[in-house]
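[1] how would this look folded up:
(one chain, ligands or ions: 1)
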Amino acid sequence: MSNLPNCPQCDSEYTYEMGEILACPECAHEWSEQDSNRNDEKVFKDANGTILQDGDTVTVIKDLKVKGSSLVVKVGTKVKNIRLKDGDHDIDCKIDGIGQMSLKTQFVKKV
Ligand SMILES: [Zn+2]
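    Model prediction:
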């Protein structure tokens, strides 16, 4: 079972793996899949699989306790102007009444 991408040069589907790199038997092109992945920007998706972008407005779909405090971000809380980042909590945002905090993309949905 192989799930290799087509050759980026001639679009052949007969690509094969050669150690760390991928090779095409038809045009002899060789490339690294990791290189192409690294160049791709990470895609952030909300609970519904909708793609999120910096500046989006989302709502929280689950009560979330704020670490180190007794505050809770309630279901339905609207969060404006999110910033996406790499990490376990991949949204940086500011919530009215709570302040700066980080959320996980799987606990929000795009408005
Ligand atoms: Zn090729």
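
[2] C-alpha from now on. contacts and neighbour counts both.
    Will do.

[3] Alongside the ion, which residues does this structure contribute?
    7, 10, 24, 27 (CA under 5 Å from the ion).

[4] residues contacting the nearest residue to the third one once chain neighbours are set aside?
    Counting by CA to CA, 6 or more residues apart in numbering, C24 lies nearest to T15, which is 4.6 Å off, once chain neighbours are set aside. T15 sits next to 4-7, 22-25 when contact means CA atoms under 8 Å, 6 or more residues apart in numbering.

[5] What score does T15 have for pLDDT?
    Looking at T15, its pLDDT stands at 94.

[6] Outside of stretch 47-57 itself, list whatever touches it.
    By CA under 8 Å, 6+ apart, stretch 47-57 touches 43-46, 78-84, 105-111.

[7] ok, of the residues you listed, which come out buried?
    Applying 16 or more other CA atoms under 10 Å to the contacts of stretch 47-57, the neighbour count classes 44-46, 78-80, 82-84, 105-110 as buried.

[8] And the furthest pair within those?
    Pairwise distances across those peak at 18.1 Å for F44 and K78 (criterion: CA to CA).

[9] contacting residues for the most centrally placed residue in the chain?
    The centroid of the chain falls nearest to F44 when counting by CA atoms, centre = their mean (2.7 Å). In this structure, F44 makes contact with 51-53, 84, 105, judged by CA under 8 Å, 6+ apart.
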